[in-house]
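# Just a sequence and a predicted model for now, questions to come.
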Amino acid sequence: MSRLMLGVAALSLSLALPAYSQQKPDPNLDKFPAGPEKAIIAEACTACHSLARVAFGSYDAAGWHNAVAMMMNAGAALTPDQVEPVTNYLIKSFPEKPLPPFKQVDGPVKVTIKEWVLPTAGTRPHDPLAAPDGTLWYSGHMGSLIGHLDPKTGKIDEYRTKTPASGPHGLTMDRDGNIWYTGNFKGYIGKLDTKTHQFTEYKTGAARDPHTPLFDKNGILWFTSQNSNMVGRLDPKTGAVKLAVSPTADSAPYGMVFDSKGKLWFSEWQAPKLASVNADSMEITEVVLPNAETRPRRIAIDANDVIWISDYSRGYLGMYDTKTGKTKEWPSPGGPRSQPYGITVLNGIVWYDEGNTKPNGLVRFDPKTEKFQTFPVPSGGGTIRNMMPTADKSSLALAMSGVNRVGIATINN
Ligand code: HEC
């Protein structure tokens, strides 16, 4: 199983490359049943990635509608009258494969998950950002927009990036309340001035697919760059960018956190490793996690400087104590194929998403008792790629990437 998963991961790695060099005809074409749509797909769906992405796709009808809407946003060349027949052909030809079921685990807290459907179909809300004023910002990865929800009124505003199909991936806020995001498909860090709604772009050079952004105490914006295998820093005052290459080839630098001393840590999601970065020299020091099959996708850090790890490939929750070097891990309730993904810590409790169970499970883990509790995501979730606590520490902001929703999970202890 883990081999299959790594194959899928490797597949997705080729995606952000500017031009997909194709074998024509695509070797996956024989998996497509005969029909007029086959030729349309062979033409319109091979410009950016192989047809493996389509043939191995596993979606229900709503999921295929969302996937095609995402591709239209990305720039797929289907004419308006082709969208419906192609979508129906995909629904019929590639029905959803059985996913691991959500695993109910009872426990001490109550959670209410409220979700909002986004105005643009196929937005692919990637990361949420809970602002100090109680509103929720999100990055629209395929919609190429930054969205803003007022949970009190349900009003959603959308701000489209200056450069189309930028693939806004992660986002963060500066001290003045402006939004900074990674232009994942176009090799830049963007700033949305939240007063004027003007965008500014800062090129990231050899780091062509900036991924997760985070400000340090001095106002320097740090970022990972997955396919470029780098970590970088941008000085917003000058636009100067410095880059460092990960010591492990193709390690896919991914999630990022600062510890209480201001040291930057990131996960290498195509290697069983975490790494820390010296802020001055940008020297990278790696930590090898105990299981060679571990693939740490996102990370979160608690008040004791313990890093919590969503081990996507094995279906584990892991921990690494940055002070003692101690590691420990627990099988996630949804099992080896549950694909733990978005993760955060709130009031000493670890929360994360199982992104491959149907529906997705929001998982609570109490490090004191080492007990899990799980909550089904009402819409299914369609993979919650990131989450973060709200400023008042009562709730979690969620982005439900595959069902075009954002949400807030309110925790009643
Ligand atoms: C303009 C470029 C482009 C074209 C053309 C394109 N895609 Fe994609 N597709 C992408 C990108 C980029 C991603 C990956 C997003 C990611 O995972 O970062 C993707 C991912 C996918 C996925 C996986 C989605 C997911 O949520 O992981 C499916 C399914 C897919 N494409 C189907 C199609 C189909 C069907 C067509 C033809 C109608 C098509 N694509 C044409 C750019 C494109």
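Thanks, I have the structure now. Numbers count the residues shown, from 1 in each chain.

# pLDDT averaged over stretch 193-206 - what is it?
Averaging pLDDT along stretch 193-206 gives 98.

# Revised request: answer the last question for stretch 221-239.
On average, stretch 221-239 scores 98.

# pull the CA atoms of that stretch into CSV?
Below are the C-alpha coordinates for stretch 221-239, written out as CSV (Å, rounded to 0.1, in the frame of the first residue of the first chain):
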residue,chain,number,x,y,z
LEU,A,221,8.8,35.8,5.4
TRP,A,222,10.1,32.2,5.3
PHE,A,223,8.7,29.6,2.8
THR,A,224,9.2,26.1,1.7
SER,A,225,9.4,25.1,-2.0
GLN,A,226,8.3,21.6,-2.5
ASN,A,227,9.5,20.5,-6.0
SER,A,228,12.4,22.9,-6.0
ASN,A,229,13.6,21.1,-2.8
MET,A,230,14.3,24.4,-1.0
VAL,A,231,13.5,26.6,1.9
GLY,A,232,13.7,30.4,1.4
ARG,A,233,13.3,33.8,3.0
LEU,A,234,11.9,37.0,1.6
ASP,A,235,12.6,40.4,3.1
PRO,A,236,9.4,42.3,2.3
LYS,A,237,11.2,45.6,2.8
THR,A,238,13.6,45.0,-0.1
GLY,A,239,12.1,42.0,-2.0
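
# Let's see stretch 107-122 as PDB, backbone CA atoms only.
Only the C-alpha atoms of stretch 107-122 are listed here, as PDB (Å, rounded to 0.1, in the frame of the first residue of the first chain):
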ATOM      1  CA  GLY A 107     -14.600  11.000  24.000                       C
ATOM      2  CA  PRO A 108     -15.000  14.000  26.300                       C
ATOM      3  CA  VAL A 109     -15.700  17.000  24.100                       C
ATOM      4  CA  LYS A 110     -18.500  18.100  21.700                       C
ATOM      5  CA  VAL A 111     -17.700  19.700  18.400                       C
ATOM      6  CA  THR A 112     -20.000  21.600  16.000                       C
ATOM      7  CA  ILE A 113     -18.800  22.000  12.500                       C
ATOM      8  CA  LYS A 114     -20.300  24.700  10.400                       C
ATOM      9  CA  GLU A 115     -19.500  25.000   6.700                       C
ATOM     10  CA  TRP A 116     -19.900  27.600   4.000                       C
ATOM     11  CA  VAL A 117     -20.100  26.800   0.200                       C
ATOM     12  CA  LEU A 118     -17.800  29.100  -1.700                       C
ATOM     13  CA  PRO A 119     -19.100  31.400  -4.500                       C
ATOM     14  CA  THR A 120     -16.700  30.100  -7.200                       C
ATOM     15  CA  ALA A 121     -17.000  26.500  -8.300                       C
ATOM     16  CA  GLY A 122     -13.700  24.600  -8.200                       C
END
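
# Quick one: distance of it to the chain centre.
17 Å (C-alpha atoms, centre = their mean, to the nearest Å).

# got the buried residues for stretch 244-264?
244-246, 248, 251-259, 263-264 (16 or more other C-beta atoms under 10 Å). No exception for glycine: its C-beta is placed from N, CA and C like everyone else's.

# Endpoint to endpoint, it covers what distance?
In stretch 244-264, first residue to last residue: 13 Å (C-alpha to C-alpha, to the nearest Å).

# just stretch 218-235 next, same as before
10 Å.

# Pull the distance from stretch 400-409 to the chain's centre.
Worked out by C-alpha atoms, centre = their mean, stretch 400-409 lies 12 Å from the chain centre.

# next one: stretch 146-153
20 Å.

# which two from the buried residues of stretch 244-264 end up farthest apart in space?
Largest separation among the buried residues of stretch 244-264 by C-beta to C-beta: Val245 and Asp259, giving 22.4 Å.

# and Ala52, what are its phi and psi?
phi -60, psi -40 (degrees, to the nearest 10).

# Please flag which of the buried residues of stretch 244-264 sit within strands.
244-245, 253-258, 264 (DSSP state E).

# Chain neighbours aside, what residue packs nearest to Arg208?
Gly187 (4.3 Å; C-beta to C-beta, 6 or more residues apart in numbering).

# Run a quick check on that neighbour versus Gly205, I expect a contact.
Yes. Counting by C-beta atoms under 8 Å, Gly205 is a contact partner of Gly187 at 7.4 Å.

# Is stretch 38-56 in proximity to the ligand?
Yes. Interface with the ligand: stretch 38-56 contributes 41, 44-45, 47-49, 53-54 (C-beta under 6 Å from any ligand atom).

# Just the ones in helices from the residues you listed, please.
Judged by DSSP state H, the residues of stretch 38-56 next to the ligand include 41, 44, 53-54 as members of helices.

# thinking Thr200 is in contact with Asp193, fair?
Yes. Assessed by C-beta under 8 Å, Thr200 is found in contact with Asp193 at 7.4 Å.

# Check what pLDDT Pro27 gets.
Value listed for Pro27 in the pLDDT field: 89.

# Now for it, how many residues are close by?
12 (other C-beta atoms under 10 Å).

# Then Lys368?
7.

# From Asp106, how far out is the residue nearest to it when sequence neighbours are not counted?
Closest residue to Lys368 apart from its sequence neighbours, by C-beta to C-beta, 6+ apart: Gly348 at 7.6 Å. According to C-beta to C-beta, to the nearest Å, Gly348 stands 20 Å off from Asp106.

# returning to that earlier point: give me the distance between the residue nearest to Lys368 and the ligand.
Noted for Gly348: a distance of 33 Å to the ligand, by C-beta to the nearest ligand atom, to the nearest Å.
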